[in-house]
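*Asks:* got a predicted structure here, sequence first:
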Amino acid sequence: MRRVNLYLDLIRWNRPAGWLLLLWPTLSALWVAAGGFPGWHVIVVFTLGTVLMRSAGCCINDVADRKFDAHVKRTAQRPVTRGAVSVKEALALGAALALLAFGLVLTLNATTVAWSFAALAVTLIYPYAKRFVSMPQAVLGVAFSFGIPMAFSAVRGGDAWSLVAMHASVPPLAWLLLLGNLFWVLAYDTEYAMVDRDDDLLIGMKTSAITLGRWDVAVVLLCYLTYLSIWGVALASRVAPTALTLAMAAALAQVAWHGWLIRTRSRESCFKAFRVNHWLGFTLFAGLALGL
């Protein structure tokens, strides 16, 4: 039982905020692609797949960052970092979870299966981006947004594996939503990076919080507003105006609250701002789901 608890700790089972941040934009894309309720099959596949892939990503990330995490207050007690779970165990668990997710994808059409390989590649790249890219949150933004084109492909794709078929299954609207979602990820993951800024400076880790410096709060708020603007424009002609307007108003109120929380840049406030971000994603999903 102790090993099971360690594995659950490794995949952040008691911290669902991570997979909820992935889930809401993915479900939103499913509803938009289908023009309404997309059917239980794709909902179950994408919901379970999101949880599994986020858990697999935690395993990969903790292995990649184990030497850095030992010097960061918030992460020093992670199972791999403190040696309670070996690197081989973590990688084996991550691979098993990813294979389970792939098994779910195999129940969808061929173009979506093809897109899943691109999603996996970005997932594997991100943990190492923090060593070389000054804004690794942008790479995470692509990884955390890839459920959007996959959702469109699941609804609109076919049984062909070609690049032409992959391109045809994902319309420009999906890429526009992905771009907007990328700005949301930049916003909330910069809040997350602000929690560890002092530790990351000491160990030489690259993050957006360090790169932005004193402009961090302003850029976080700008990213939130860019995200909402892009999604608002993209969905204006597809979602009932009243539902979309109410959702946007509620989302803007949350953005204002986030600005208030992070204004002092304290660890506790920045971490709280990050942890409640999934409510922003849920707000937009609820608005467009009701308005379609």
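*Replies:* On my side now, so go ahead.

*Asks:* pLDDT averaged over stretch 77-86 - what is it?
*Replies:* Stretch 77-86 shows an average pLDDT of 83 in the prediction.

*Asks:* err, stretch 262-282, not the other one
*Replies:* Stretch 262-282 shows a mean pLDDT of 94.

*Asks:* just the terminal-to-terminal distance for that stretch.
*Replies:* One end of stretch 262-282 to the other measures 21 Å (CA to CA, to the nearest Å).

*Asks:* ranges for the strands of the stretch 101-250 of the chain?
*Replies:* In chain order, the stretch 101-250 of the chain shows no strands, with DSSP state E, counting those that start in this stretch as the criterion.

*Asks:* of all residues in the protein, which one is nearest the centre?
*Replies:* Geometric centre of the chain, nearest residue: Phe144, 3.1 Å, by CA atoms, centre = their mean.

*Asks:* ok, it - contacts?
*Replies:* With contact taken as CB atoms under 8 Å, 6 or more residues apart in numbering, Phe144 is in contact with Leu21, Leu22, Pro25, Asn181, Val185. C-beta: built from backbone N, CA, C; applies to glycine.

*Asks:* by neighbours, which of these wins?
*Replies:* With neighbours set by other CB atoms under 10 Å, the maximum within those is found at Asn181, which has 28 neighbours.

*Asks:* quick check: chain neighbours aside, which residue is closest to it?
*Replies:* Of all residues beyond its chain neighbours, the one nearest Asn181 is Ser145 (4.2 Å), with distances taken as CB to CB, 6 or more residues apart in numbering.

*Asks:* same check, this time on Val87
*Replies:* Counting by CB to CB, 6+ apart, Val63 is the residue found nearest to Val87 once chain neighbours are left out, at 5.4 Å.

*Asks:* mind listing what that neighbour touches?
*Replies:* Val63 makes contacts with Val80, Val87, Ala90, Leu91, Gly94, Pro127, as judged by CB under 8 Å, 6+ apart.

*Asks:* are any of those buried, and if so which?
*Replies:* Burial of these was assessed by neighbour count (16 or more other CB atoms under 10 Å); the buried members are Val80, Ala90, Gly94, Pro127.

*Asks:* tell me who's in contact with the closest residue to the first one other than its chain neighbours.
*Replies:* The shortest distance from Val80 to any residue other than its chain neighbours is 4.4 Å, reached at Asp62 (CB to CB, 6+ apart). When contacts are counted by CB under 8 Å, 6+ apart, Asp62 touches Leu10, Asp69, Arg78, Pro79, Val80, Thr81, Ala90.

*Asks:* then Tyr188?
*Replies:* Contact partners of Tyr188, counting by CB under 8 Å, 6+ apart, are Leu21, Ala273, Phe274, Asn277.

*Asks:* and the residues you listed, which two are furthest apart?
*Replies:* Longest distance between any two of the contacts of Tyr188 is 12.7 Å, between Leu21 and Ala273; criterion CB to CB.

*Asks:* any idea of the pLDDT on the residue nearest to Lys73 when sequence neighbours are not counted?
*Replies:* Here the nearest residue to Lys73 in space, its sequence neighbours aside, is Asp199; by CB to CB, 6+ apart that works out to 6.2 Å. pLDDT recorded at Asp199 is 79.

*Asks:* now do the same contact list for Asp199.
*Replies:* The neighbours of Asp199, taking CB under 8 Å, 6+ apart as the test, are His71, Val72, Lys73, Arg74.

*Asks:* which one of the residues you listed sits closest to Val51?
*Replies:* Nearest to Val51 among the contacts of Asp199 is Arg74, at 22.5 Å by CB to CB.

*Asks:* tell me the confidence at the closest one?
*Replies:* 80.

*Asks:* kindly report the same for Ala119.
*Replies:* In this prediction Ala119 is given a pLDDT of 89.

*Asks:* how about Met166?
*Replies:* With respect to pLDDT, Met166 has a value of 80.

*Asks:* what is the burial count for it?
*Replies:* Using other CB under 10 Å as the criterion, the residues surrounding Met166 number 19.

*Asks:* again, but for Ala118
*Replies:* Neighbourhood size, Ala118 [other CB under 10 Å]: 14.

*Asks:* please apply the same query to the one 4 residues further on.
*Replies:* Applying other CB under 10 Å, we find 17 other residues in the vicinity of Val122.

*Asks:* quick check: it touching Val142?
*Replies:* Yes - in this structure, Val122 is within contact of Val142 by CB atoms under 8 Å, at 5.3 Å.

*Asks:* sweet, I'm off.
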